[in-house]
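Trainee: here you go, sequence then predicted model.
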Amino acid sequence: MRSLMIASLVMLAGPLTSLAGSDDDVMKVLRSRMARKHINMGRYVMAFYYPWYGTEKSGDRSRHWGNWDAAKKDAPQSLRWPVGGPYDSTDPAVVDRHMRQFAEAGIDVAIVSWWGPGDHTDKAMPIILDHAAKHGLKVTVYFEVVRSKPPTVESAVSDLDYLAGRYASHPAWLRVGSYPVIFLYGRVMGQLDEVEWIRALDLSRRQSGANWIAIADGIRAGYGALFDGIHGYNTMGSYLNQPESSWPEIARAHMTSAIRYARPNAHIACATIVPGYDDTKIRKPGAALDRADGRLYDAQWKVALETQPDWILITSFNEWHEGSEIEPSAELRDKYLKATAKWTKQWRQSKGKTPDSSAVKSTQEADAALRGVLDQKIRTRIGLLNGIGPVGMRLVRVTTRLDTVKPADLVGGKITPKTHRVLIYTSGEDYPTRVNSEDDVPKAIASYVAAGGSLIVFGDQPFPFFYDENRKAVNAGRIFDLHLLGSHQTKSGKPFDQDKGQAGFERPASDLGLMFAVAGELPSQPSVLPWPASGDQRWRPAYRPLDRDRDRPFWPLMKLVDKNGRDWGEAVAVFGSRDKQAGNVVYAWFRLADVVGLDGFLVDLLRLAVTPAHN
């Protein structure tokens, strides 16, 4: 069973030096991975397939069904009743029926939920592979969990090697060229950070010979550059409580984002289609996304035909717990298999899009622009705080002058403006505040900025520096002049619903008509930018506190406003100093990586970091 939120969680990126002898060693592995190009990857329709069900045949009658009642056609852990009743995923007759249904519906690949060696899902794998081959299908796995506690690279490598040795040589295993494909679920993308996963894939390649094509769960710019492809397991959260008229726009945002992040790198863009969702039978309160008699499914397929992703993923064939199945049920019969067959036929008749050479060229031009600003404006090394993150991923492509910076390096004075003109806070919401004494880490950052160094804060979660190493809320950024408003916190101090001024929030009302007004100091951007239509919408704006010295420079550069003209605070701002020797603190709201990307915008931020802000 799955949590609704897990696919969207983004965990902290660990220090690069924890994975190899030096930063340079890890950077080489990252660059090698990012340089992989995939042109002929096929045009597949896939469906997530769950072989975790059991009956008396495998000695566990209630496995993933609960104590079901055939007379009432009720299984406590299933929203609907499968045609033929509960089944065992290790029964060859069941698997053969499923693979036949895949083929009849025009689905090419089963993405098999896999929970490790010896698990029920693992016992089903040989049966699935053999019957998939019989019906002309391909198979890969959804790597669900890193089993060690705590999760380690070594544990992931062990399971990757197991899959390589036991299954990946089977004729039915999905390959791109000669390389086997594997999908990485959001849970494991949180258990290990992206750099650890790249290390695991590299170690498995060296040990097992399997050069894995890894498709990461997460529609993110960093993943699109680093992994061979990207996907999102479950997009239902974006559609929940939204009017039917908005469904095409939501689907288009999801699909075009995957394409935008993957294709310029010649990586694989996957689009997810979900027929509906309802986990209210197994979770309280749960969530329910109505199928609208198939109109939700049809709306997403129409957008897929329009946008032409590389691979289409259906969530799911048989995830009965969450009511996302297209497998026939007593209630819906074979409605969704027939609908799938109709749409897959149109998909095959449509003309796929080859990787856009202009997009690749655009990325190359952006690389050149980034190298230019680094060579002309920032000739020292650059330090990354809190791991690598999406910004660090982007910079890995264009420079070798990157170091990960540990809190002890800051406190010990090893990091100075002469060694590292710019530091970049790259990911997460928590950062250590103490090495030797209380708040010595943020005080060290303040000293670094006062001495002429600049800090860019552009992470991948909403509230950077908010928590300390013990996950205690401390909002340490205030110590070095980074001021952000939290959820429902207002500049004036009045309650959120009584204040018409700048404020943070968890999710905006749907009728606000939000947009960003952009200043000329961000020359890569148009004067107006849209608010992100889906995904994490937690808003944490920069602001000038009422008690901050009015003579200290504050440059508001991208303001969030609504259709009524209310100012909700700054998505981009520079906190300067009256001291001409001091550097800047530059803040950018984390979702701007999705709104504007990490090319020209990152050039703008780097220039702002080294532009004196003293008046």
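Mentor: Noted; the coordinates are in hand.

Trainee: is it true that R401 touches G383?
Mentor: No. If you go by Cβ atoms under 8 Å, R401 and G383 don't touch, sitting 10.0 Å apart. C-betas here are computed from N, CA, C, even on glycine.

Trainee: who has more neighbours, these two?
Mentor: Using other Cβ atoms under 10 Å as the criterion, R401 and G383 rank with G383 on top: 24 against 15.

Trainee: A strand includes that one, no?
Mentor: Yes. Per DSSP: H, G, I helix; E, B strand; the rest coil, G383 lies within a strand segment.

Trainee: so what's it up against?
Mentor: 403-405, 415, 420, 422-424 (Cβ atoms under 8 Å, 6 or more residues apart in numbering).

Trainee: ok, T611 next?
Mentor: Neighbours of T611 in contact, by Cβ under 8 Å, 6+ apart: N584.

Trainee: assign a three-state SS to it, would you?
Mentor: T611 is classified as coil under three-state DSSP.

Trainee: closest to the centroid, which residue in the chain?
Mentor: G218 (2.7 Å; Cα atoms, centre = their mean).

Trainee: from memory it sits against G232, does it?
Mentor: Yes. Under the criterion of Cβ under 8 Å, G218 makes contact with G232 at 7.0 Å.

Trainee: identify the residues contacting the lowest-mean-pLDDT helix or strand in the chain?
Mentor: Among the helices and strands of the chain, helix 23-34 carries the lowest confidence by mean pLDDT, DSSP states H and E, at a mean of 78. For helix 23-34, the external contacting residues (Cβ under 8 Å, 6+ apart) are 16-17, 19-20, 195, 198-199, 201-202, 225-227, 265, 388, 393, 396-397, 400, 402-404.

Trainee: what about the residue of the chain positioned farthest from its centre, which SS state?
Mentor: Distance from the centre of the chain peaks at A71, with 43.5 Å (Cα atoms, centre = their mean). Under three-state DSSP, A71 falls in the coil class.

Trainee: that older thread, which residue packs closest to the residue nearest to the centre of the chain, ignoring adjacent ones?
Mentor: Nearest non-adjacent residue to G218, counting by Cβ to Cβ, 6 or more residues apart in numbering: M189, 5.9 Å away.

Trainee: what's the span of stretch 145-155 from first residue to last?
Mentor: 10 Å (Cα to Cα, to the nearest Å).

Trainee: need the mean per-residue confidence for it.
Mentor: The average pLDDT for stretch 145-155 rounds to 96.

Trainee: just stretch 388-396 next, same as before
Mentor: If you average the pLDDT values across stretch 388-396, you get 85.

Trainee: cool, and stretch 498-517?
Mentor: pLDDT averaged over stretch 498-517 gives 88.

Trainee: any stretches of the stretch 1-150 of the chain with poor pLDDT?
Mentor: Low-confidence segments of the stretch 1-150 of the chain, defined by pLDDT under 70: 1-24.

Trainee: run the chain-centre distance for the least confident helix or strand of the chain.
Mentor: 21 Å (Cα atoms, centre = their mean, to the nearest Å).

Trainee: would you mark the buried spots in that helix?
Mentor: Going by neighbour count (16 or more other Cβ atoms under 10 Å), the buried part of helix 23-34 is 23, 26-27, 29-30, 33-34.

Trainee: from P82, how far off is the residue farthest from the centre of the chain?
Mentor: Using Cβ to Cβ, to the nearest Å, A71 is found at 15 Å from P82.

Trainee: hang on, the earlier thing: got CSV for the buried residues of helix 23-34, with distance to G477 too?
Mentor: CSV is the format used below for the buried residues of helix 23-34 (distance: Cβ to Cβ, whole Å):
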residue, distance to G477
D23, 25
V26, 28
M27, 28
V29, 32
L30, 28
R33, 32
M34, 31
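
Trainee: count the residues that sit near L410.
Mentor: Neighbour tally, L410, other Cβ under 10 Å: 24.

Trainee: which residue sits closest to it, ignoring its sequence neighbours?
Mentor: Leaving aside its sequence neighbours, L410 sits nearest to A444 (Cβ to Cβ, 6+ apart; 4.1 Å).

Trainee: is Q461 in a helix, a strand, or coil?
Mentor: Secondary structure, three-state DSSP: Q461 is coil.

Trainee: correct me, but it touches W589?
Mentor: No. In this structure Q461 lies outside contact range of W589 using Cβ under 8 Å: 10.9 Å.

Trainee: which of those two has more neighbours?
Mentor: Of the pair Q461 and W589, W589 is the one with more neighbours under other Cβ under 10 Å, namely 25 against 20.

Trainee: show me what contacts the more buried one?
Mentor: Going by Cβ under 8 Å, 6+ apart, the list of residues near W589 reads 462, 539-541, 571-572.

Trainee: separation between it and R80?
Mentor: 41 Å.

Trainee: R371 belongs to a helix?
Mentor: Yes. Counting by three-state DSSP, R371 falls inside a helix.

Trainee: how deep is the nearest residue to it once chain neighbours are set aside tucked in, by neighbour count?
Mentor: Nearest-residue entry for R371: V398, 5.0 Å, with adjacent residues in sequence omitted and distances by Cβ to Cβ, 6+ apart. Residues near V398, counting by other Cβ under 10 Å, number 20.

Trainee: surely V398 touches L370?
Mentor: Yes. At 4.6 Å, V398 counts as touching L370 under the criterion of Cβ under 8 Å.

Trainee: can you pull the contacts of A47?
Mentor: 102, 107, 109-111, 313-317, 326.

Trainee: tell me how far the residue lying closest to G513 once chain neighbours are set aside lies from A519.
Mentor: Computed as Cβ to Cβ, 6+ apart, the closest residue to G513 that is not its neighbour in sequence is K563, at 3.1 Å. K563 sits 20 Å away from A519, going by Cβ to Cβ.

Trainee: what about the two, which has more around it?
Mentor: The residue with more neighbours, out of K563 and A519, is A519; 16 against 10, by other Cβ under 10 Å.

Trainee: who touches the more buried one in this structure?
Mentor: A519 sits in contact with 555-558, where contact means Cβ under 8 Å, 6+ apart.

Trainee: run the last query once more with 6 Å
Mentor: L557 (Cβ atoms under 6 Å, 6 or more residues apart in numbering).

Trainee: just to check, N318 is in contact with W52?
Mentor: No. Taking Cβ atoms under 6 Å as the definition, N318 is not a contact partner of W52, at 9.6 Å.

Trainee: quick one, which of the two is more surrounded?
Mentor: When N318 and W52 are compared for neighbours, N318 comes out ahead with 24 against 19, by other Cβ under 10 Å.

Trainee: nearest spatial neighbour of that one, chain-adjacent residues omitted?
Mentor: E327 (4.5 Å).

Trainee: for that neighbour, grab the count of nearby residues.
Mentor: With other Cβ under 10 Å as criterion, E327 counts 25.

Trainee: that one sits in which helix or strand?
Mentor: Counting by DSSP states H and E, there is no helix or strand that carries E327.

Trainee: quick one on the thing from earlier: would CSV of the contacts of G383 with secondary structure and neighbour count be doable?
Mentor: Below are the contacts of G383 laid out as CSV (DSSP: H, G, I helix; E, B strand; the rest coil; neighbours: other Cβ atoms under 10 Å):
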residue, secondary structure, neighbour count
D403, strand, 20
T404, strand, 22
V405, strand, 21
I415, coil, 22
H420, strand, 24
V422, strand, 23
L423, strand, 25
I424, strand, 29
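
Trainee: any chance of JSON lines for the residues you listed, columns distance to T90?
Mentor: JSON lines is the format used below for those (distance: Cβ to Cβ, whole Å):
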{"residue": "D403", "distance to T90": "51"}
{"residue": "T404", "distance to T90": "46"}
{"residue": "V405", "distance to T90": "51"}
{"residue": "I415", "distance to T90": "56"}
{"residue": "H420", "distance to T90": "56"}
{"residue": "V422", "distance to T90": "56"}
{"residue": "L423", "distance to T90": "54"}
{"residue": "I424", "distance to T90": "50"}
